[in-house]
Structure formats: C-alpha cells, structure tokens
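Student: Need coordinates for the following:
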Amino acid sequence: MKYAIPLGALLLVCVAAALNLASPPRAASPERRVTVVAPREAPEVRSAAMAAAPPPVSPAGSIPEIQQSAAAVTDRKVAAASTGKLTVLLDRELTLTTLQRDAVEQLLKDRDLEIKACHAAILRSGVIDIPQYEWQAGLMKEGWYRKIDALLDRAQHERLLALVQKGFFNEGLAFTVEPGMTVLD
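Tutor: Residues are numbered from 1 along each chain as shown. A predicted model of the protein is given here:
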C-alpha cells in the first residue's frame, strides 16, 4: 500500500501525458498561463534580480543551444541570489555559528537543485497534477525543515519554527504552467 498510491498517481500522469500527445493540436486560441503555488502561499513575485534584468536578446539566426545556455546562466545567477538571500535571512534571524551557516548554505543550495529537478520533471512530462504537486511540495518543505532543524539548538529551533509558519520555505516553489501543458485539478 505504501507504494501503490504513488505508483497509481504516476500511472495516471503517464496516461494523461499519452492522451495529450495523441490528441490533435488545438485550434488557435489565446494562450493560458497558470501559476501553481505551494499550499498557503501567495503567488510568487519575481525577484528584483529577475525583474531588473532585461529579457535576453536573440541575434538573428542564433542557435537554440546558445539561447538555452544563456538562460541556464541566468537561472544559476538567480538561484545563487535566492540561496544567498535565504542564507542571510536565516543567519540574521537564528544567529548561526560559522559551522551552522556553512551547513545551512549547502542545504539551501541542495534545496534549489531539488526544486529545479521537480519543475524540470513536470515540464518534461507536460502534465501537472496540482494536488500531487502540492503534496510533493509539502514533503520537500518538511524535509528541508528537518535537515536545518537538526543543526540548531533549542532557541534557534523556536525561531526557525516561527519563520516556517510565516512561509519561509515557500520561496521558489511557484510553478508557471506553460502553454500546451495538461493541468489536472
């Protein structure tokens, strides 16, 4: 039973993706963009670094791989800024020791990689099951909390708990549904 529910959900996602691929293309209609956010989270506002950066300019006849690598560099810079911002916030709020700060910074980098892998898997499948994503985001947040909490003393634990209740781990979890994706409610 422990494996039946996740396997059943995976099977449903695969079937939905197969049906989406097998269906004829839609007639020209206005594109619909939907942003899925983690439970109890306000819609994510793009960070200042992303808002200030101009959209990449593609020269005429550019190769798609070059555009993708430029986007990857931008994503890494934004992720590094996000990780740095979260590290500074935790350091300030929890008064971390040097060893704790280094460990927390690594955990936050791993967190960014985990979020990107989750979003990439959704984009590859072309299907997002919103309840499944919310459940998965909840599991990820619980794991991050436990890992960071294991490094803290009692007083720091209480302050981390207050930050988590304010939505500290929600940053970066918002997912924008691309046109043509299947959304399962």
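Student: Check which helices and strands the helix or strand harbouring Gly138 sits against.
Tutor: According to DSSP states H and E, Gly138 maps onto helix 130-149. The contact analysis (3 or more C-beta pairs under 8 Å, 6 or more residues apart in numbering; DSSP states H and E) places helix 130-149 against helix 98-125, helix 154-165, strand 182-184. Bear in mind the C-beta positions are built from the backbone N, C-alpha and C, glycine included.
Student: Okay, and the beta partners of Val127?
Tutor: Thr182 (DSSP bridges).
Student: picking up where we left off before, of all the helices and strands packed on helix 130-149, which lies closest to Leu173?
Tutor: helix 98-125 (6.4 Å; C-beta to C-beta).
Student: Low-confidence stretches in this protein?
Tutor: 1-81 (pLDDT under 70).
Student: With only the CA atoms kept, save stretch 175-185 in CSV.
Tutor: What follows is stretch 175-185 as a C-alpha-only set of coordinates in CSV (Å, rounded to 0.1, in the frame of the first residue of the first chain):
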residue,chain,number,x,y,z
PHE,A,175,5.4,26.8,-10.9
THR,A,176,4.2,28.5,-14.1
VAL,A,177,2.3,26.3,-16.4
GLU,A,178,3.5,26.6,-20.0
PRO,A,179,1.1,26.7,-22.9
GLY,A,180,0.1,23.3,-24.2
MET,A,181,0.6,21.6,-20.8
THR,A,182,-2.1,19.5,-19.3
VAL,A,183,-3.4,20.7,-15.9
LEU,A,184,-5.1,18.1,-13.6
ASP,A,185,-7.1,19.6,-10.8
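Student: buried stuff in it?
Tutor: Buried positions in stretch 175-185, judged by neighbour count with 16 or more other C-beta atoms under 10 Å: Phe175, Val177, Met181, Thr182.
Student: got the residues you listed as a markdown table, with distance to Phe169 columns?
Tutor: Below are these laid out as a markdown table (distance: C-beta to C-beta, whole Å):
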| residue | distance to Phe169 |
| --- | --- |
| Phe175 | 15 |
| Val177 | 21 |
| Met181 | 25 |
| Thr182 | 27 |
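Student: farthest-separated two in those residues?
Tutor: Of all pairs drawn from these, the one with the longest distance (C-beta to C-beta) is Phe175 and Thr182, at 13.6 Å.
Student: Mutual contacts of the two, please.
Tutor: Common contacts of Phe175 and Thr182, defined by C-beta atoms under 8 Å, 6 or more residues apart in numbering, comprise Ile128.
Student: Give me the three-state assignment for Leu151.
Tutor: When classified by DSSP: H, G, I helix; E, B strand; the rest coil, Leu151 comes out as coil.
Student: closest to Trp144 out of the helices and strands packed on helix 130-149?
Tutor: Judging the helices and strands packed on helix 130-149 by C-beta to C-beta, what sits closest to Trp144 is helix 98-125, at 5.3 Å.
Student: Now do that closest one against helix 130-149, angle only.
Tutor: 160 degrees (axes from the mean of the first three to the mean of the last three C-alpha atoms, to 10 degrees).
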